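Engineer: attaching a predicted model along with its sequence, questions to come.
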Amino acid sequence: MQDITPEELCEQLRNGDTGPLILDIRHEADFEDWHIPGSINVDVYDELTDDPERAKDALSDLPQDDRVVTVCAAGVVSETATEVLQELDYDAVTLTDGMNGWSRVHRHAEVPADLDGALIQVARPGKGCLSHVLVSGGEAVVFDPSHYLDKYEAIVEEHDADVVGVFDTHAHADHVSGAAELAYRHDVPYYLHPKDALGIDATPVENGQTVTVGSFDIEVIHTPRHSEGSVSFDIDGATLITGDTLFHESVGRVELGVEAGIEDSDVEQNAATLYESLQRLLARPDDALVLPAHDPGSPEPPVSATLAEVEKRNDDLGRDREEFVRELAADIPDHPPNFERVKRTNVGQESVPSDELAELELGPNNCAAE
């Protein structure tokens, strides 16, 4: 059986028009919820499971000129789709591990920041997640890593540096953080605001604190209330790592901690607090690069924009306090899958076996307010 790895597919898609036709055979609702950008959906999952011959009519309408990559959740039913397509004389292959495998892909590029060192952005296209590795003077720190730690350790090794600290901007709700484990591996501090470190051993950070790495000064800015302990990091006035507080075209949603049962507040109160947090960020230099922890779709690193550009593009930043609170409290998007368990895991209130982490966080990130 021919197949293609998620990493190989990702590389082909980066080449633009030369990519294959991606055929997602899952149920339409699953496809609408989460899929590889640019893929098409032919819902023949039941037919392929019960009687593959019944899927041939629907699949025979696909264009014959393109290679077809079949996709399902775990790469099992899509293998049957590939067999059927090959019987119909299509050049077809299966995406190894399906959407599960796509979720594991990471790719990275250096951020074009005015820094005496290197700032590398790591994008996870299957989740829309962005994390960062800062290197200076043989020292490296990692911000918001996923639990696929080898991706970050390879970057640090490539730059001939040692990990000296790991930061989380907040206790994430859409994916399991690897920050605590990465810090443990390298016997270095794991920095997290105490309001989000409810049951986890972390080195606390507070507003105005500075952490020095090589030649860089990293200033902590407490920016609640996507979570109560959300922080942003100002690196030498050149970049702002904003977590889920500020995105390029939206802001962080404000109800996840409340609904996960770990915050004693309400949505309106959280929205008002977030408004004040954003004002503190907007007071930073206009030319500072804004580096959020998420980007919609399938981000191609580096994803960056100056604070001035973000202020022009982001409608949320043009609202007054009253309108801002009203809009965020009224417009509640779909929740990230399993967000309650993911959130509790990241604050240290729940322990999930390592072999269950990948399945727990499958699905889209939905951490923006709109």
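Structural biologist: Alright, I've got the coordinates.

Engineer: how about low-confidence regions in the chain?
Structural biologist: 1, 16-18, 256-265, 331-336, 364-370 (pLDDT under 70).

Engineer: domains for it, by residue range?
Structural biologist: 3-102, 106-360 (automatic domain parsing).

Engineer: out of those domains, which one sits most buried?
Structural biologist: Of all these, domain 106-360 carries the top mean neighbour count, a mean of 20, counting by mean count of other Cβ atoms under 10 Å. Using the backbone N, CA and C atoms, a C-beta is placed for each residue, glycine as well.

Engineer: in which helix or strand does residue 57 reside?
Structural biologist: helix 56-59 (DSSP states H and E).

Engineer: packing partners of that helix?
Structural biologist: When contacts are defined as 3 or more Cβ pairs under 8 Å, 6 or more residues apart in numbering; DSSP states H and E, helix 56-59 sits against helix 77-87.

Engineer: can you spell out which helices and strands pack onto whichever helix or strand comes after the helix it packs on?
Structural biologist: Toward the C-terminus, helix 77-87 is succeeded by strand 92-95 as the next helix or strand (DSSP H and E). Where contact means 3+ Cβ pairs under 8 Å, 6+ apart, strand 92-95 is packed against strand 3-4, strand 68-71, helix 77-87.

Engineer: gap between the second one and the chain center?
Structural biologist: Spelled out, that is strand 68-71. 24 Å (Cα atoms, centre = their mean, to the nearest Å).

Engineer: mind giving me the packing neighbours of it?
Structural biologist: Going by 3+ Cβ pairs under 8 Å, 6+ apart, strand 68-71 lies up against strand 21-24, helix 77-87, strand 92-95, helix 98-104.

Engineer: returning to that earlier point: list the contacts of the helix holding residue 57.
Structural biologist: For helix 56-59, contacts defined as Cβ atoms under 8 Å, 6 or more residues apart in numbering pick out 42, 44, 47, 81, 84, 85, 87, 88, 90.

Engineer: output it as CSV, restricted to C-alpha atoms.
Structural biologist: What follows is helix 56-59, C-alpha atoms only, in CSV (Å, rounded to 0.1, in the frame of the first residue of the first chain):
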residue,chain,number,x,y,z
LYS,A,56,-17.0,4.1,-6.5
ASP,A,57,-19.7,6.3,-8.0
ALA,A,58,-18.9,9.2,-5.7
LEU,A,59,-15.1,8.8,-6.1
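
Engineer: show me where the stretch 251-370 of the chain has helices.
Structural biologist: 256-259, 267-282, 307-313, 321-330, 339-347, 357-360 (DSSP state H, counting those that start in this stretch).
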